[in-house]
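Engineer: All I have is the shape, not the residue letters:
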Ligand SMILES: CC(=O)CC(=O)SCCNC(=O)CCNC(=O)[C@H](O)C(C)(C)COP(=O)(O)OP(=O)(O)OC[C@H]1O[C@@H](n2cnc3c(N)ncnc32)[C@H](O)[C@@H]1OP(=O)(O)O
Ligand SMILES: NC(=O)C1=CN([C@@H]2O[C@H](COP(=O)(O)OP(=O)(O)OC[C@H]3O[C@@H](n4cnc5c(N)ncnc54)[C@H](OP(=O)(O)O)[C@@H]3O)[C@@H](O)[C@H]2O)C=CC1
């Protein structure tokens with residue numbers, strides 16, 4: 001039974017994963033290298049929970065119980081007693097591999113190590129550990145408290161026990177599971193991010209304005225957010241990182257990142273989280 005979970009990376013995904021785990025009676029250690037990020041994450045979780053109280057979805061007294069289950073730390077060693085660790089740091093392969101090398105030494109032998117990576121093959125991540133049978137992909141969707149899906153990805157060596165423990169945790173979190181083979185982008189991002197990239201190309205080639213591209217896709221295909229609004233929500237850095245993983249992984253020019261997306265990331269226009277992306281949020 002998974003009772004204690006370490007979450008690494010207190011960004012938008014790590015904080016959402018921590019919130020959902022704590023909501024369903026799991027003890028959470030939320031780890032990040034920067035205290036301000038941890039502070040922001042805890043404040044964001046409290047805000048989201050209050051929002052659910054306002055909507056009558058959560059009893060006010062439950063909020064304190066849930067928040068008490070989340071402990072913030074800057075020391076990875078604090079995760080040694082976890083039954084599961086879920087990595088949700090920046091979508092950068094070298095960083096993830098380093099985190100998994102360290103994690104493998106820190107957490108107990110029978111702990112499962114999961115990655116929330118959007119696109120990087122799990123087999124490659126597992127290969128840097130001495131427990132390839134206990135490494136798995138648990139790909140939550142943004143925003144985590146709202147989106148029902150968790151994509152589960154087995155590496156070549158992931159054991160049936162690890163998969164079974166993961167799928168029962170997904171069910172306990174009241175989420176639905178889709179199982180993807182371990183290839184770049186898995187299911188959702190293999191399809192979604194090239195669509196977002198294509199929207200960036202439509203803008204880059206002057207087909208339409210930012211507003212009309214989003215309006216067309218929202219009203220034309222009933223998506224809750226237009227692709228450029230969604231890109232700002234996901235993070236343009238994350239969208240670009242995923243396109244690079246698809247492009248390198250399949251060597252197919254159809255996955256080449258749009259030059260305008262590259263330029264915006266180079267300028268630090270990362271979307272909502274930096275105050276500017278395809279739209280301005282400041
Ligand atoms: C990149 C990857 O690797 C994989 C991915 O995640 S791909 C991206 C997948 N996500 C999407 O496609 C999101 C598409 N957008 C949407 O579904 C909706 O716009 C949305 C759910 C984000 C917001 O919904 P909305 O109706 O426009 O706004 P709103 O009414 O304010 O919110 C609806 C609910 O979502 C919650 N919510 C909205 N934004 C939120 C956020 N950022 N964090 C947490 N909860 C949020 C609100 O609290 C509300 O929940 P309650 O009813 O419990 O209060
Ligand atoms: N954004 C999305 O819609 C989705 C993203 N994902 C995936 O989830 C992961 C996280 O994405 P997201 O939350 O958006 O990214 P964010 O940029 O919001 O958060 C990344 C977090 O990782 C932290 N971090 C960076 N380096 C380290 C380190 N060495 N040790 C510990 N923490 C570190 C950052 O801290 P600091 O800022 O202090 O550097 C930040 O808190 C990525 O793999 C992404 O692909 C999955 C589903 C959806």
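Structural biologist: Cool, got the structure. Note that the coordinates shown come from a computational prediction; the quantities given were computed from them, not determined experimentally. Ligands and ions are numbered 1, 2, ... in the order given.

Engineer: Is there proximity between the helix or strand hosting residue 240 and ligand 2?
Structural biologist: Per DSSP states H and E, residue 240 falls inside helix 236-250. Yes. On the criterion Cβ under 6 Å from any ligand atom, helix 236-250 is in touch with ligand 2 at residue 238. In short, each C-beta sits where N, CA and C put it, glycine included.

Engineer: Mind listing residues that contact that helix?
Structural biologist: 90-93, 118-121, 183-185, 189-190, 193-194, 196-197, 231, 252-253, 255-257, 261-262, 264-265, 269-271, 277-278 (Cβ atoms under 8 Å, 6 or more residues apart in numbering).

Engineer: Buried residues, it. List them.
Structural biologist: Of the residues in helix 236-250, 236-247, 249 count as buried by neighbour count, 16 or more other Cβ atoms under 10 Å.

Engineer: if we can go back for a sec, can you tell me which of the contacts of helix 236-250 are up against ligand 1?
Structural biologist: Okay, of these touching ligand 1 (Cβ under 6 Å from any ligand atom), that's 118, 189.

Engineer: Let me see the ranges of the helices in this structure.
Structural biologist: For the chain, the helices defined by DSSP state H occupy 12-23, 35-54, 60-68, 93-106, 122-126, 160-172, 188-204, 210-221, 227-234, 236-250, 259-266.

Engineer: hmm, back to that, which of the contacts of helix 236-250 are buried, as a ChimeraX select command?
Structural biologist: Per 16+ other Cβ under 10 Å, the buried members of the contacts of helix 236-250 correspond to this ChimeraX selection:
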select :91,93,118,119,120,121,184,185,189,190,193,194,196,197,231,255,257,261,262,264,265,269,270,271,277,278
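
Engineer: okay, now the residue nearest to residue 29 when sequence neighbours are not counted: neighbour count?
Structural biologist: For residue 29, ignoring the flanking residues on the chain, the nearest one in space by Cβ to Cβ, 6 or more residues apart in numbering is residue 6 at 4.7 Å. Number of residues near residue 6 (other Cβ atoms under 10 Å) recorded here: 27.

Engineer: Quick check: beta-bridge partners of residue 6?
Structural biologist: residue 29, residue 85 (DSSP bridges).

Engineer: And residue 248, how close does it get to ligand 1?
Structural biologist: Note on residue 248: its distance to ligand 1, by Cβ to the nearest ligand atom, to the nearest Å, is 17 Å.

Engineer: actually residue 113, not the one I wrote
Structural biologist: Relative to ligand 1, and taking Cβ to the nearest ligand atom, residue 113 is found at 19 Å.

Engineer: give the contact list for that residue.
Structural biologist: Counting by Cβ under 8 Å, 6+ apart, residue 113 has contacts 84-85, 87, 100, 103-104, 107, 126, 129, 131, 134-136.

Engineer: Touching, residue 40 and residue 10? I think so.
Structural biologist: Yes. If you go by Cβ atoms under 8 Å, residue 40 and residue 10 touch, sitting 7.4 Å apart.

Engineer: which residues touch whichever residue of the stretch 151-282 of the chain sits closest to ligand 2?
Structural biologist: Closest residue of the stretch 151-282 of the chain to ligand 2, Cβ to the nearest ligand atom: residue 234 (3.7 Å). The contact partners of residue 234, by Cβ under 8 Å, 6+ apart, come to 142, 196, 271.

Engineer: pLDDT at the first one, what is it?
Structural biologist: Listed pLDDT for residue 142 reads 98.

Engineer: for the last one, same thing?
Structural biologist: In the prediction, the pLDDT value recorded for residue 271 is 98.

Engineer: For beta bridges, what are the partners of it?
Structural biologist: residue 276.

Engineer: What distance do you get for the residue nearest to residue 123 when sequence neighbours are not counted to residue 102?
Structural biologist: Nearest residue to residue 123 in three dimensions, chain neighbours excluded: residue 155, at 4.0 Å (Cβ to Cβ, 6+ apart). Using Cβ to Cβ, to the nearest Å, we find residue 155 at a distance of 19 Å from residue 102.

Engineer: what do you get for residue 130?
Structural biologist: As judged by Cβ to Cβ, residue 130 and residue 102 stand 13 Å apart.

Engineer: With neighbour numbers in mind, choose between the two.
Structural biologist: For residue 130 versus residue 102, the count of surrounding residues by other Cβ under 10 Å is larger for residue 102: 15 against 10.

Engineer: Spit out the contact partners of the more buried one.
Structural biologist: Residue 102 neighbours (Cβ under 8 Å, 6+ apart): residue 76.

Engineer: Show me what from the stretch 1-150 of the chain comes close to ligand 2.
Structural biologist: 8-14, 32-34, 37, 88-91, 95, 116-118, 140-142.

Engineer: Perfect, that will be all.
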